[in-house]
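Student: A structural model of the following input is requested.
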Amino acid sequence: MGNISELEGKVIARRINDLVQRQLQAGVSTSDKVICHNCGYAKPLAVTIHYGRYRLCSDCALSYEMAKAKGDVKNVEDFVLAE
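Tutor: The predicted model follows:
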């Protein structure tokens, strides 16, 4: 739909990375695995981000945040259910 600037993309990527880093520093498990609701892969708990009832791995969270910023999706449910 829309586009975002390179700077906006970097800000979004930095925000996702910062969330993961804070979880790692807080001692969130890297051995416990959870399933990403978008890609379906088992990922370490520490590198997942909780969006309401959905949990996305950091890669999918980045894709979601980019799609949301571009206006391609309105919310995480739209993102997870889109295919």
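Student: what ranges does this structure have for its strands?
Tutor: Under the criterion DSSP state E, the chain contains strands at 33-35, 42-44, 48-51, 54-57.
Student: and these as TSV, adding mean neighbour count?
Tutor: Using the backbone N, CA and C atoms, a C-beta is placed for each residue, glycine as well. TSV is the format used below for the strands of the chain (neighbours: other C-beta atoms under 10 Å):
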stretch	mean neighbour count
strand 33-35	14
strand 42-44	15
strand 48-51	19
strand 54-57	22
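Student: export these as JSON lines, with columns for distance to residue 82 and mean pLDDT.
Tutor: Shown next, in JSON lines, are these (distance: least, C-beta to C-beta, whole Å; pLDDT from 0 to 100):
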{"stretch": "strand 33-35", "distance to residue 82": "18", "mean pLDDT": "96"}
{"stretch": "strand 42-44", "distance to residue 82": "20", "mean pLDDT": "96"}
{"stretch": "strand 48-51", "distance to residue 82": "14", "mean pLDDT": "95"}
{"stretch": "strand 54-57", "distance to residue 82": "13", "mean pLDDT": "96"}
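Student: residue 23: which of those is closest?
Tutor: strand 48-51 (8.4 Å; C-beta to C-beta).
Student: residues making contact with the closest one?
Tutor: 16, 19, 20, 34, 36, 55, 56, 57, 58, 61, 64, 76 (C-beta atoms under 8 Å, 6 or more residues apart in numbering).
Student: wait, the first one touches residue 64, no?
Tutor: No: with contacts counted by C-beta atoms under 8 Å, residue 16 stays clear of residue 64, the gap being 9.3 Å.
Student: ok, these two, which is more surrounded?
Tutor: The neighbour comparison of residue 16 against residue 64 (other C-beta atoms under 10 Å) goes to residue 64, with 24 against 21.
Student: can you report how many residues lie near the residue nearest to the more buried one when sequence neighbours are not counted?
Tutor: Once flanking residues are discounted, residue 64 sits nearest to residue 79: 4.6 Å by C-beta to C-beta, 6 or more residues apart in numbering. Neighbour count of residue 79, defined by other C-beta under 10 Å: 22.
Student: residue contacts, residue 79?
Tutor: 38, 63, 64, 67, 68, 73.
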